[in-house]
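>>> Just need the structure, nothing else, for what follows:
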Amino acid sequence: MRPILLLILLLAVVLVLAIGLGETPLSARQYLQAFASPASPPAEILWTLRAPRAAAAALVGGALGLAGAVMQGLLRNPLADPGVLGVSAVSALGAAMCIAAGVAVTPGAIEIAALAGALLAGALVVFLAARLAEPQTLILFGVALSALGGAATALVFNLSPSPITTSEVLSWLLGSVANRDWSDCAAALVPMAMGAGLCGWAARGLRMLTLGEETAALSGLPMARLRAAAVAGAALLTGAAVAMAGVIGFVGLAAPHLTRGAVSDDPARTLLPSALAGAVLLVAADLAARLIPTAEELKLGVVTALFGAPLFALVAWHASRSWRG
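Prediction:
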């Protein structure tokens with residue numbers, strides 16, 4: 001309980017910082033004006049621009065953190081993340097095709113295309129998860145699906161009708177929560193809530209899997225359904241995150257590792273702390289993207305990769321030592 005309370009407090013702190021700080025500095029009088037007069041320019045900056053952007057970062061980070069914890073528990077692999085099943089790649093492909101087709105000007109078209117790609121990939125993976133006994137086989141299939149999605153996205157770049165379209169696709173794929181509003185957050189809550197519910201229901205199956213496949217099969221739990229629910233939940237969470245912010249790497253990998261030690265490596269008890277840690281990480285990363293002095297604001301996916309890659313290397317090093325032992 002204490003780690004959860006600490007993470008909630010830390011999330012509240014980074015949210016306050018994300019709303020209070022930005023490229024446009026405000027004086028103490030302007031902060032007071034923002035609270036006293038909702039129609040004032042300072043209030044517009046805080047509550048219309050910064051607050052929904054911070055909320056979007058928290059939702060995306062929480063979804064990726066929870067999906068990462070589920071994937072690591074399901075596959076019993078500390079290097080698994082939400083992209084391991086190929087859902088992120090196919091979701092990104094859907095958005096890239098939407099932009100290249102010229103229908104991105106329609107409000108919500110990119111988000112719908114990205115979520116549709118994630119649901120398509122997720123449905124395929126759920127179908128296989130219910131029929132594959134070994135998690136290693138599911139990983140191999142996910143790698144193949146991810147490679148196919150990446151290759152198809154590269155083909156979209158190759159066949160792009162104009163340099164402007166290519167730039168738009170690349171910009172979206174690099175990830176960002178800029179210009180998100182409250183309606184975007186509300187729309188993302190629906191699939192994220194459904195995904196979180198499925199993951200919560202599958203938590204007891206994740207705990208049983210720590211005892212091995214044979215023990216889990218003899219436990220009396222509907223392991224096939226629980227495994228399918230875990231995959232479907234992670235797919236919904238990942239798809240909704242990609243639909244809102246583009247492809248964001250390493251949050252789903254890092255968040256579970258930052259919290260697992262505090263819950264005694266219990267995959268079921270790791271879910272909520274991982275979601276909170278993911279939210280903290282992405283809100284902090286988005287704040288860094290806004291505050292780092294560059295001619296053009298850094299993309300959120302770039303910032304998470306810059307900080308996440310060393311962590312991934314560290315995790316891989318520790319994992320390789322345990323494999324050798």
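
>>> give me the low-pLDDT residue ranges for the chain?
Low-confidence segments of the chain (pLDDT under 70): 129-130, 132-135, 212-218, 220, 312, 315-316, 318-325.

>>> quick one: the helices in it?
2-20, 28-36, 41-43, 51-75, 87-100, 109-129, 135-158, 163-173, 182-209, 213-217, 223-245, 251-259, 267-291, 300-324 (DSSP state H).

>>> Residue 81 is nearest to which of those?
With distances scored as CB to CB, the stretch of the helices of the chain nearest to residue 81 is helix 251-259 (4.1 Å). C-beta: built from backbone N, CA, C; applies to glycine.

>>> quick one: the closest one to chain centroid distance?
Computed by CA atoms, centre = their mean, to the nearest Å, the chain-centroid distance of helix 251-259 equals 11 Å.

>>> Hey, what's the angle from it to helix 223-245? Just curious.
Relative orientation of helix 251-259 and helix 223-245, computed by axes from the mean of the first three to the mean of the last three CA atoms, to 10 degrees: 120 degrees.

>>> which strands and helices sit next to helix 251-259?
Contact partners of helix 251-259 among helices and strands, from 3 or more CB pairs under 8 Å, 6 or more residues apart in numbering; DSSP states H and E: helix 51-75, helix 267-291, helix 300-324.

>>> Dead centre of the chain: give me the residue that sits there.
Most central residue of the chain, judged by C-alpha distance to the mean C-alpha position with CA atoms, centre = their mean, is residue 64 at 2.7 Å.

>>> and the gap between that residue and residue 292?
Using CB to CB, to the nearest Å, residue 64 is found at 21 Å from residue 292.

>>> What of residue 2?
Separation of residue 2 from residue 292 (CB to CB): 33 Å.

>>> Please compare the two by neighbour count and tell me which comes out ahead.
Between residue 2 and residue 292, counting by other CB atoms under 10 Å, residue 292 is the more crowded of the two (10 against 7).

>>> Find the nearest non-adjacent residue to that one, please.
Spatial nearest neighbour of residue 292, excluding adjacent residues (CB to CB, 6 or more residues apart in numbering): residue 298 at 5.9 Å.

>>> Packed most tightly, which of the helices of the chain would that be?
Mean neighbour count (mean count of other CB atoms under 10 Å) peaks for helix 51-75 among the helices of the chain, with a mean of 29.

>>> and the angle for that helix with helix 87-100?
Going by the same axes, to 10 degrees, helix 51-75 makes 140 degrees with helix 87-100.

>>> I'd like to know which elements helix 51-75 is packed against.
Using 3+ CB pairs under 8 Å, 6+ apart: helix 51-75 touches helix 2-20, helix 135-158, helix 182-209, helix 223-245, helix 251-259, helix 267-291.

>>> now what about stretch 190-198, what contacts it?
59, 62-63, 66-67, 115, 229-230, 232-237, 239-241, 275 (CB atoms under 8 Å, 6 or more residues apart in numbering).

>>> The helices and strands packed on helix 251-259: which one's closest to residue 186?
Using CB to CB, the helices and strands packed on helix 251-259 put helix 51-75 closest to residue 186, at 9.9 Å.

>>> Now do the closest one against helix 267-291, angle only.
140 degrees.

>>> separation between residue 14 and residue 279?
Separation of residue 14 from residue 279 (CB to CB) stands at 8 Å.

>>> Next up, the contacts around residue 35.
By CB under 8 Å, 6+ apart, the contact list for residue 35 reads residue 43.

>>> repeat for residue 271
Residues in contact with residue 271 (CB under 8 Å, 6+ apart) are 66, 69, 70, 199, 200, 203.

>>> For the residue nearest to residue 292, grab the count of nearby residues.
Residues near residue 298, counting by other CB under 10 Å: 18.

>>> surely it meets residue 291?
No. With contacts defined as CB atoms under 8 Å, residue 298 does not count as touching residue 291, sitting 9.8 Å away.

>>> any shared contact partners between the two?
With contacts defined as CB under 8 Å, 6+ apart, no residue is adjacent to both residue 298 and residue 291.

>>> what about the nearest residue to residue 244 once chain neighbours are set aside, distance to residue 247?
Spatial nearest neighbour of residue 244, excluding adjacent residues (CB to CB, 6+ apart): residue 188 at 4.8 Å. Separation of residue 188 from residue 247 (CB to CB): 15 Å.
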